[in-house]
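Engineer: After the sequence you'll find the predicted model.
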Amino acid sequence: MIDHKKNLKFVKGNNMIQWMKDMWGYPRSLTGHGTRKTLEYLKDINPELNIHSFKSGLKVFDWEIPDEWNIYDAYIEHESGQKFADFSKNNLHILGYSTPCNMEVTLSKLLPHIYTQPDQPDVIPYVTSYYKDRWGFCMSENDKQELPDGKYRVIIDATKGAGSLELADLIINGQSNKEIFFSTYVCHPSMANNELSGPVLASALIQYIKTEYPNPQHTYRFVFAPETIGSIIYLSEHIQLLKENVICGFNLSCVGDERAYSYIESRMGNTLADSALHAAMIDLDNVKKYSFLDRGSDERQYCAPGVDLPFCGFCRTKYEEFPEYHTSADNFDVVTSEGLEGSFNVMKSIIDAFEVRLFPKVSAFCEPQLGKYDLYPTLSKKKSSESLRMNVIAYSDGKHSIFEIANKVNKSLDLVTSEISLLINNKII
Amino acid sequence: MIDHKKNLKFVKGNNMIQWMKDMWGYPRSLTGHGTRKTLEYLKDINPELNIHSFKSGLKVFDWEIPDEWNIYDAYIEHESGQKFADFSKNNLHILGYSTPCNMEVTLSKLLPHIYTQPDQPDVIPYVTSYYKDRWGFCMSENDKQELPDGKYRVIIDATKGAGSLELADLIINGQSNKEIFFSTYVCHPSMANNELSGPVLASALIQYIKTEYPNPQHTYRFVFAPETIGSIIYLSEHIQLLKENVICGFNLSCVGDERAYSYIESRMGNTLADSALHAAMIDLDNVKKYSFLDRGSDERQYCAPGVDLPFCGFCRTKYEEFPEYHTSADNFDVVTSEGLEGSFNVMKSIIDAFEVRLFPKVSAFCEPQLGKYDLYPTLSKKKSSESLRMNVIAYSDGKHSIFEIANKVNKSLDLVTSEISLLINNKII
Amino acid sequence: MIDHKKNLKFVKGNNMIQWMKDMWGYPRSLTGHGTRKTLEYLKDINPELNIHSFKSGLKVFDWEIPDEWNIYDAYIEHESGQKFADFSKNNLHILGYSTPCNMEVTLSKLLPHIYTQPDQPDVIPYVTSYYKDRWGFCMSENDKQELPDGKYRVIIDATKGAGSLELADLIINGQSNKEIFFSTYVCHPSMANNELSGPVLASALIQYIKTEYPNPQHTYRFVFAPETIGSIIYLSEHIQLLKENVICGFNLSCVGDERAYSYIESRMGNTLADSALHAAMIDLDNVKKYSFLDRGSDERQYCAPGVDLPFCGFCRTKYEEFPEYHTSADNFDVVTSEGLEGSFNVMKSIIDAFEVRLFPKVSAFCEPQLGKYDLYPTLSKKKSSESLRMNVIAYSDGKHSIFEIANKVNKSLDLVTSEISLLINNKII
């Protein structure tokens, strides 16, 4: 029997933190060299990753793949020579998908192109204009207030035009073609919780499965794609297969802080993913459950009407719910190795449960005689009954999933998985 | 696109109030000239109304149509010449369905025939004896206490015998034969909330539909009938058709005061009418929900076992829940134009929703790209998402009715209807 | 019409108390002469009882019938001649299924064989070792503390070996082969609530049905068996028949005290037994509802996966929830005639409901005209409606069981049964 308690080396958050630091500076967006380098880095640590390329202009459902945008440098230079909003210092300074620029403007002409977050005057906000041509810079409100009068040169060294969009997937084939699907996104520049926490958690889970379950019961699919347009492309390519095979999916987003454990229900709130995520959080503190009405990441696509995959969102603190969200303050003060490990353990407990037995079923009619397996005390005294074990057996009817059993007996998924593993080893299940 | 916000002239409660005042004095009962005149007045303002006549004695399910009763005058005259309980001053003074009378009695013989409401000593109660021969008068407890000793002449100038019972219906044919059914009753004498508020609201809704939706999506049926026996007759005549076609029905009763918005669930609480009424009340104050156990009007028949139409009761303050109920105090202090308008708006919002799209369904897989329809901001900043619009789309799967969608997103039905109308105009739905 | 209010002589708890006292001293266990005498006594008062015998060693599902154990005498005698833990004074003193013994030991060798309940130092605990060979005595902690130093002779005059296990059933055939199944157990020595209360309640119910319903609508099955192994044997013999015919079952355990009314839900919580038990307790004080997770008696077997009979547990105060449980304090201070009568009335109200009409259905469309049956006031005044009667009719649709109707209208099952009986007599149902 597998020792589900042992801490594997890749469980340690420090590895994940290091990966994040390595990828920190790549200027990710929907397209371009920043995202491409990110995917190449992920392929380095997950060699079986497949990177797929799609031409700009391609129609996917109601959408069209946007032009490729590459950003190399950007800043505003005052006539005094002072530089502001310098992309080389923080890649959030450039408005995402800005058109190239090299021109002189006065302060009053410049100001409408400066984006700030006035209620958080210290931080650089993250702003994009993917589908309408604009140019602009993001600055802290404080810095904006100190822009001197006079003339400025605006430099945006970028290209925008026909090209491609990249995304990647990795499939671990199992004995069954029934799939567990993890999706995360790779389109945000230097921010930690939203976004690098997701790809590194997914990478750690890939390594966990490959090490711990070399011949897994289920197939596992991991997707790394630009948010929204990436998942829409992926669905347009694979929707029939996914609808046939995916039995449980999670969107991994903002999985690195220590403040909460959050889940976002699927559209109808009744899938295997919902019960799995609920079960995996039974014993955790500060669990927050959000309705599908509060969604905001790729569960929007995976659960859309007609798509209807069994998908939930998983976060520590949910996007939009933490003050650093979509600002330069979303950094390594927010994301910690403990935070990432917490997320890892939640997903690991779900994987372990899938691998032990999804629909456990006792083999005998009536209760098994546990005493003969040394699984029950031979002396009958007050309060000597093994209630968790008996309750797990009572709902191991082949109809309740291991997650529903954990929810029914209201004990941690890890405990229930251990019990079921023990009962399987004794041929009771 | 229809401007659902504009206030049509017939929406104004004043018209409804005037109609009520016109019909106020007709001595309505299950049968007789008071009810007949009421139906003729309603036909004047709704020319397509059809009045149907049924012979007394006819068997309908477990019931039999009672004799026709006509009341012309009634009073008690003391030997001093003083008149009491004078029908010509208030038609509540006569016990409904009293047998004719012309005789002399002493006070002690008279008193058992006097009905009062001792806990409301100022008001004349409304009392009937439809199915057992009796004679009697209704008075305020105060007036009864002041009846002088001596002899009285009792005059009840009435007829009771073979005749007929009348009821009326009006059908507005739509593109679909699926029907929305409004029922209200016409058998109570001079009382305002319980009863005239119902027929005038139904009349205003007829005029609204005919003006606003000259070629409606759905068929609309309106029934004006004496309570209980009238709806039973109507069901006995049309039950197969109604069971096939009616998808939503409301009993309109006590719809003219300003104190509350009430709904009475259908027998199983799970019909389209239930979700429609719930949705239409999302943003209202002082909403009261009653279980079917608290029913009391014609929903009793429409929801009876075997009949099982999808029917709810709709009231402002529910019958039996306001002190003026079934007394002479149920007058124009209780019913106001604002009260009637409130009810009109609830029913109007349901009709509008039916006419826009009952089961909206998005046409594309995944989320539509709202930006290209100018329905989404092109600049992506914190908290810029159009959450109501996205949530309406998320549940527009062809399976949730527009009412269930409003209940799911918990926004007012009018708002949701407007969103769906906008999405239809953009061919997204 | 049956007068469901009259108190039959066997309803009186005193009879049940007397039966308990008669059987008090028989040294019951899973097997042996104590249980055999108990079953023979029960056959004396229920002559149609059938006693069935099963050989030890027989395999039943995952179990094997244990050896027969007979206990005749047992005590510890100090070298001074003083006797302790004397079986002839209280049969709880012997560890259940102790191996025979006749030997001399020192106090220190003796002590590991003495079982006490240290947190209740005055009482003798009830302890067994059915499936592992041990010898031992049960004593109060206080008595144990006073055992003098020195040598002791240990006498356990018992036999343990090939033999048989007995259980009994009694079937009252009804017009339908659909069965109501009552199960109770006969394997505990001198304790009152856990256990003799169950067999005497079952006996009283047998006598009630035979007297009151000589030709019952339903078939009634009563089983008296050693707990766990007995019900497993019974199931192994009859499982197909039981799965086909049993529509409702109750495990009767701890039904004699006055402190509470308890029910333990079936495994899925959605059977006819669940709604019956809920309905029968509507008007009772101190009702406690336990989930299946808190089960502990033979509902464990009857509701096991694959068996899945519609079974609930019924108790006054549930096993494990009262301090006297499984000790010598579980005696006639705990169980009273009032306590037993309370249980009798709950089960009687369920039987009466089954016998009146399980799925009542009104015969006419729309509401019946109750006035013509003298079941409704002929004078219509404020608040004169017969709401219970109308509500019972409203849910008598042939789909709701009488128990679901009582739960829906939230009135006592006896009241609802009386109403339905009245409506049947008037041919309305």
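Structural biologist: Received the coordinates, thanks. From a predicted model like this one, the values you see are computed outputs, not experimental measurements.

Engineer: C-alpha from now on. contacts and neighbour counts both.
Structural biologist: Noted.

Engineer: where does the stretch 251-400 of chain A dip in pLDDT?
Structural biologist: Across the stretch 251-400 of chain A, the ranges flagged by pLDDT under 70 are A:383-385.

Engineer: what about the strands in it?
Structural biologist: A:261-264, A:287-290, A:311-315 (DSSP state E, counting those that start in this stretch).

Engineer: Which among those strands is found nearest to chain C?
Structural biologist: For the strands of the stretch 251-400 of chain A, the distance to chain C is smallest for strand A:287-290, at 24.1 Å, taking CA to the nearest CA.

Engineer: Please identify the pairing partners of the closest one and their relative orientation?
Structural biologist: Using DSSP bridges, strand A:287-290 pairs in its sheet with strand A:261-264 (parallel).

Engineer: Now find how far off-centre the partner strand is within its chain.
Structural biologist: 12 Å (CA atoms, centre = their mean, to the nearest Å).

Engineer: before we move on, the earlier item: pick the most buried one from the strands of the stretch 251-400 of chain A.
Structural biologist: Highest mean neighbour count of these: strand A:311-315, a mean of 29 (counted as mean count of other CA atoms under 10 Å in any protein chain shown).

Engineer: For the most centrally placed residue in chain A, list the residues it contacts.
Structural biologist: With distances taken as CA atoms, centre = their mean, the residue of chain A nearest its centroid is residue A:252 (1.8 Å). Contact analysis of residue A:252 by CA atoms under 8 Å, 6 or more residues apart in numbering or on different chains lists A:182, A:183, A:184, A:198, A:201, A:202, A:313, A:314, A:315.

Engineer: Now find how far off-centre the longest helix seen in chain A is within its chain.
Structural biologist: Selection of the longest helix in chain A by residue count, based on DSSP state H, yields helix A:337-356. Centroid displacement of helix A:337-356 relative to its chain, using CA atoms, centre = their mean, is 13 Å.

Engineer: One more: stretch A:353-373?
Structural biologist: 34 Å.

Engineer: Output the contacts of residue A:252 as a markdown table; include the columns distance to residue A:23.
Structural biologist: Shown next, in a markdown table, are these (distance: CA to CA, whole Å):
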| residue | distance to residue A:23 |
| --- | --- |
| A:182 | 20 |
| A:183 | 18 |
| A:184 | 15 |
| A:198 | 12 |
| A:201 | 14 |
| A:202 | 15 |
| A:313 | 24 |
| A:314 | 22 |
| A:315 | 21 |
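
Engineer: near chain B, from the residues you listed?
Structural biologist: For chain B, no contacts are drawn from the contacts of residue A:252 by CA under 8 Å from any CA of the partner chain.

Engineer: For the residue of chain A most remote from its centre, what are phi and psi?
Structural biologist: Here chain A reaches farthest from its C-alpha mean at residue A:379, the gap being 49.9 Å by CA atoms, centre = their mean. When quoted as degrees, to the nearest 10, the phi and psi of residue A:379 stand at phi -100, psi 120.

Engineer: pretty sure it is touching residue C:127, no?
Structural biologist: Yes. If you go by CA atoms under 8 Å, residue A:379 and residue C:127 touch, sitting 7.1 Å apart.

Engineer: For stretch A:412-425, the averaged confidence score.
Structural biologist: For stretch A:412-425, mean pLDDT is 97.

Engineer: what does it rub up against?
Structural biologist: A:1, A:4, A:279-283, A:349-350, A:352-353, A:356-357, A:360, A:389, A:392, A:402-403, A:405-406, A:429.

Engineer: just the buried members of those residues?
Structural biologist: Buried by 16 or more other CA atoms under 10 Å in any protein chain shown: A:279-282, A:349-350, A:352-353, A:356-357, A:360, A:389, A:392, A:402-403, A:405-406, A:429, out of the contacts of stretch A:412-425.

Engineer: residue ranges for the helices of the stretch 51-200 of chain A, please.
Structural biologist: A:107-110, A:141-145, A:197-212 (DSSP state H, counting those that start in this stretch).

Engineer: Format these as JSON lines; extra columns: mean pLDDT, mean neighbour count and distance to residue B:153.
Structural biologist: Shown next, in JSON lines, are the helices of the stretch 51-200 of chain A (pLDDT from 0 to 100; neighbours: other CA atoms under 10 Å in any protein chain shown; distance: least, CA to CA, whole Å):
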{"stretch": "helix A:107-110", "mean pLDDT": "97", "mean neighbour count": "14", "distance to residue B:153": "98"}
{"stretch": "helix A:141-145", "mean pLDDT": "97", "mean neighbour count": "16", "distance to residue B:153": "93"}
{"stretch": "helix A:197-212", "mean pLDDT": "96", "mean neighbour count": "21", "distance to residue B:153": "94"}
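
Engineer: For chain C, find the nearest of those.
Structural biologist: helix A:197-212 (31.8 Å).

Engineer: what's next to the helix or strand just after the closest one, contact-wise?
Structural biologist: The C-terminal neighbour of helix A:197-212 among helices and strands, as given by DSSP states H and E, is strand A:219-225. Strand A:219-225 has contacts (CA under 8 Å, 6+ apart) with A:39, A:166-187, A:199, A:202, A:206, A:231.

Engineer: Can you dump the C-alpha atoms of strand A:219-225 in CSV for me?
Structural biologist: Output of strand A:219-225 as CSV, limited to C-alpha atoms (Å, rounded to 0.1, in the frame of the first residue of the first chain):
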residue,chain,number,x,y,z
THR,A,219,-5.9,9.4,-17.5
TYR,A,220,-4.7,12.9,-16.5
ARG,A,221,-4.7,15.9,-18.8
PHE,A,222,-2.9,19.2,-18.1
VAL,A,223,-3.5,22.3,-20.2
PHE,A,224,-1.4,25.5,-20.0
ALA,A,225,-3.0,28.1,-22.2
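
Engineer: tell me the mean pLDDT for the helix or strand where residue A:406 lies?
Structural biologist: Assigned by DSSP H and E, residue A:406 belongs to helix A:402-409. Averaging pLDDT along helix A:402-409 gives 98.
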